[in-house]
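J.: quick one, fold the following:
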Amino acid sequence: MTTTAPTSDGTLSFDHQRIDLANYDDVYVVGDVHGCLEALERLLSTLSLDDDDLAVFVGDLVRKGPESAAVLERVESSPRLMSIRGNNEQKLLAGETELPELDEEDRTYLASLPTAISWDGGLVVHGGVDPDRALVAHAGDDVRTMRSPDGDGYDGPFWFEEYEGPPRVFFGHTVLADPIEREWAVGLDTGCVYGGRLTAYDVRRDEFLSVPGSEYQDRSADKIVGQSDG
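T.: Alright, predicted model coming up:
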């Protein structure tokens, strides 16, 4: 169930879905898929989800890779999979870009996706949060596109370098050479669509699992955090 009201402790002001981790055995958070169906299927095979397991996606299921519609169908059709809305889904809904292969049912599904998914101690957003602002002071677009609150995109400094929680924030959006695991931030976009990997984080065991992606698009090294030309 998606709610547009703040959580009971008043920390969230944007639309979000609240879940209880006690209802699940294994719980995973998965990075940006970007239409990479083959990598998604490889990862799901690796996770081997049972009926009481859950995988939560950080958004950007679509665009850049070749099979956006199939990825949406795969996620929407399974009760063990759920996703938030990334900036690429938002661009489609706002008419800023188009994907002709998506039909009205797909768009209805995108519109139903919450900006965030939260549980006690955890928050899944696409972009991130501003360390200098309370969560209740963030709008949906803030957490969907956050990267460098006081900088210019990939020039940094990055929000997760200074964020001290709580809650622990799981995020994508910023492409990483390797996943980030900090006390209060877990970064999961490891560039699947750029020939990197599709990465999941096992919330119960505090460990990463990943599978190879495919290079459907080029990306310069200065747009991948932790990677250099050398």
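
J.: now do the helix or strand hosting residue 109, average pLDDT.
T.: Element membership for residue 109 (DSSP states H and E) is helix 104-112. Mean pLDDT, computed over helix 104-112, is 96.

J.: may I see the buried residues of it?
T.: Neighbour-count burial for helix 104-112 flags 106, 109, 110 (criterion: 16 or more other C-beta atoms under 10 Å). Any C-beta I mention is one placed from the backbone N, CA and C, and that applies to glycine too.

J.: okay, those in CSV with distance to residue 23 next?
T.: CSV is the format used below for these (distance: C-beta to C-beta, whole Å):
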residue, distance to residue 23
106, 28
109, 22
110, 25
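
J.: quick check, nearest of these to residue 132?
T.: Residue 132 has its nearest neighbour among the buried residues of helix 104-112 in residue 110, at 30.9 Å by C-beta to C-beta.

J.: how about that closest one: what's its closest non-neighbour residue?
T.: Closest residue to residue 110 apart from its sequence neighbours, by C-beta to C-beta, 6 or more residues apart in numbering: residue 89 at 4.8 Å.

J.: tell me the spacing between that neighbour and residue 225.
T.: 22 Å (C-beta to C-beta, to the nearest Å).

J.: same deal with residue 61?
T.: Distance, residue 61 to residue 225, using C-beta to C-beta: 21 Å.

J.: and if you look at residue 150?
T.: Per C-beta to C-beta, residue 150 is found 16 Å from residue 225.

J.: the more surrounded of the two?
T.: Remark: of residue 150 and residue 225, residue 225 carries more neighbours, 19 against 11, as counted by other C-beta atoms under 10 Å.
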